[in-house]
Structure formats: C-alpha cells, structure tokens
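Novice: can't give you the sequence, but here's the structure:
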Ligand SMILES: O=C(CO)COP(=O)(O)O
Ligand SMILES: O=C[C@H](O)COP(=O)(O)O
Ligand SMILES: [Zn+2]
Ligand SMILES: [Zn+2]
C-alpha cells in the first residue's frame, strides 16, 4: 500500500479509530473516494474497546469498502504489545522506540521486525521526537530527525516505513498563537535522497479545522488557541516521500463538534443513534476532504 503511494506521489491517511461509528465513517469516506485507507488503534484502544471488537468491525468494514484497508497498531510500546496485536489480526504494527537511547531503539525495532516479518506483517519505526504531547516537550525542544542516523536506523532494523520528526506534533495545539506553522522539508528531502523508496510517515498531522473549533466553542465546549498543520504543507509532503499521514485529533474534533451541535439543537433527543450518527456523518465528510484534496489518495482504486 505504502509503496504504491510512494511511486504515485500521494499519501494514505491513517486514522485512529476507537469504536464502530468512527470505523464506519472512515471506511465510508474511503469507499466513496476510492481511496486506500489505514485504520489504526493504540493499546489504549485495546483497553477501551477490547481488540476483538475492533478487529471484527474493521474486517467487516474492509470487506464492504472495496478498496485496500489496513489495520495498524499505532505507537506500539514493546515487542509483547506488537505480538498481541499481530495475533489479534492486525495487518501492520508500529514500534515506537523514539524516546529510547538510539542503540536501544535500534535493538527493539529490529526485534519487532524479526518477529513481524515472519508473519508477513510490515513494521513502522520512529526516529526523532515530536514536539508537544509526545514526551511533554514544547515546540522549541522538538528533536528533528537526523537524516544520516535515519539511514543507519533503516538499514540496521529492516523497517518497512519510518516516522520522522520534521515539526509536526500530537494533539490540538501544534504551534503557539502567533507562531507561523513550519515543517522542515529540507530534512524530508535529505531523508528521501539517502533512502530512495522508503515510505516516510508523519505523525501529529491533524490540520485542526477552525470551523470545528468554533463549533465546539459555540456549543458549550472550551478549546481555544488550537492550531494544526496547514493542508497545503501536507499536500506537498504527500507528493514527496511521505506515504502515511496520521490523524486522530481531527476526528475527535469533528465527532465532538457535531455531537455538541446536535444535542444543543435537539435537547429532547435521547436516541444516541441520532447524535452519534451525526458525528459519524460529519467525520466522514472531513475524511473525504482529506483524501481528495490533501493526501491526494482519491480515485486510486
Ligand atoms: O500521530 C497521530 C497518531 O499516531 C495523531 O496525530 P494528531 O494528534 O495530529 O491527530
Ligand atoms: O498518537 C497517539 C494517538 O493520538 C492515539 O491516541 P491514544 O493513545 O489516546 O489512543
Ligand atoms: Zn513516538
Ligand atoms: Zn502518533
């Protein structure tokens, strides 16, 4: 999936899913846009939903979607977690050793590749530290990925894709108010020059739609100063070596905004299918827009 995206200059959206409705909304967008898609879940998802439910619903969604669908472990902490998700039916895993000393990250990531590749499961590694929520660093303390180290890492671990730090960060507050969003495209280009055809992954790549922020705030929520990655930067990254773009925050915003609006306008409503359904529909629109206009993954299948 990622090599096809590499060769054709687009990126596959990887959306964090925690329940049936979010899986349905993302899969509906993929089907309508004829776009490949990655459904991903963290070990917190496993704790929340039980992996069996997620795998069952995702497999059903994949069957109905009629486009390539992968089910991916996001931010796997250790080899045991990766094994657990592979055995549960996930089709790829991420091992996130980015917070470890370099040699420990290499050893851990290599051990996951050795295990996963036996089952034909692909592995994403990470090098560099994202600003923000990851490790509680502020934007200035972000540790950008060193391209030469990335080459050494890819060669020694055998990863199938690599997450790098070029200025993105997890969560809704990616830049300070007044700070101009900036991504290090020079690092991305160096990495891809050193490692041709290695798919690059961007974490923390939500765009933080300001209409959704305004909606949440107007309907009793309280989120201010949230800023994301501009869509044109993600489109540019998609044309380059970035093949997988992770989105969680934007789905949370879309779901929360639509549910708040629905409940505000229909205070008598207690049929939860109505307001969760409204969240699902709104989220599907946001995902469709990304596939078509930002990741350039629409009409590929
Ligand atoms: O990287 C992510 C999941 O791994 C999600 O990033 P966002 O918080 O920008 O949506
Ligand atoms: O990067 C982390 C994702 O946003 C997943 O969030 P989570 O760990 O709360 O499932
Ligand atoms: Zn990480
Ligand atoms: Zn992430």
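Specialist: Nice, I can see it. None of the values given here were measured: they were computed from a predicted structure. Ligands and ions are numbered 1, 2, ... in the order given.
Novice: What count of nearby residues applies to residue 50?
Specialist: 12 (other C-beta atoms under 10 Å). Backbone N, C-alpha and C define where each C-beta goes, glycine included.
Novice: For it, list the residues it contacts.
Specialist: With contacts defined as C-beta atoms under 8 Å, 6 or more residues apart in numbering, residue 50 has no neighbours.
Novice: Quick check: whatever residue of the stretch 101-250 of the chain ends up closest to ligand 3 vs residue 17, distance?
Specialist: Closest approach between the stretch 101-250 of the chain and ligand 3, counting by C-beta to the ion: residue 126, at 4.6 Å. In this view, residue 126 and residue 17 are 20 Å apart by C-beta to C-beta, to the nearest Å.
Novice: Please apply the same query to residue 283.
Specialist: 10 Å.
Novice: Wondering if stretch 37-49 reaches ligand 2 at all.
Specialist: Yes: for stretch 37-49 and ligand 2, the contact criterion (C-beta under 6 Å from any ligand atom) is met by 42, 44-45.
Novice: what about that stretch, start to end distance?
Specialist: One end of stretch 37-49 to the other measures 21 Å (C-alpha to C-alpha, to the nearest Å).
Novice: quick one: contacts of the longest strand anywhere in the chain?
Specialist: When the chain is parsed with DSSP state E, its longest strand is strand 69-76. With contact meaning C-beta under 8 Å, 6+ apart, strand 69-76 is reached by 1, 12, 14, 16, 27, 30, 36-43, 54-55, 58-59, 61-62, 81-82, 85-86, 89-96, 112, 124, 246.
Novice: and the most centrally placed residue in the chain, bridged to which residues?
Specialist: The residue lying closest to the centre of the chain (C-alpha atoms, centre = their mean) is residue 246, at 1.7 Å. Beta-bridge partners recorded for residue 246 (DSSP bridges): residue 14.
Novice: Got phi/psi on the residue of the stretch 151-300 of the chain found nearest ligand 2?
Specialist: Nearest to ligand 2, among the residues of the stretch 151-300 of the chain, is residue 248, at 3.4 Å (C-beta to the nearest ligand atom). Main-chain dihedrals, residue 248, degrees, to the nearest 10: phi -120, psi -50.
Novice: what's the distance between the spatially closest residue to it that is not a sequence neighbour and residue 255?
Specialist: Nearest residue to residue 248, sequence neighbours excluded (C-beta to C-beta, 6 or more residues apart in numbering): residue 16, at 3.7 Å. Distance, residue 16 to residue 255, by C-beta to C-beta: 11 Å.
Novice: Same question for residue 201.
Specialist: Distance from residue 201 to residue 255, counting by C-beta to C-beta: 24 Å.
Novice: Up against ligand 3, what does the stretch 1-150 of the chain have?
Specialist: Neighbours of ligand 3 within the stretch 1-150 of the chain, by C-beta under 5 Å from the ion: 96, 98, 126.
Novice: Which strand or helix spans the last one?
Specialist: Element membership for residue 126, per DSSP states H and E: strand 122-127.
Novice: Compute the inter-axis angle for that strand and strand 69-76.
Specialist: Strand 122-127 and strand 69-76 are oriented at 40 degrees to each other (axes from the mean of the first three to the mean of the last three C-alpha atoms, to 10 degrees).
Novice: Quick one: the helices in this structure, in order.
Specialist: Along the chain, counting by DSSP state H, helices occupy 2-7, 20-33, 43-49, 51-65, 79-88, 102-118, 147-157, 185-194, 210-218, 231-239, 249-265, 272-289.
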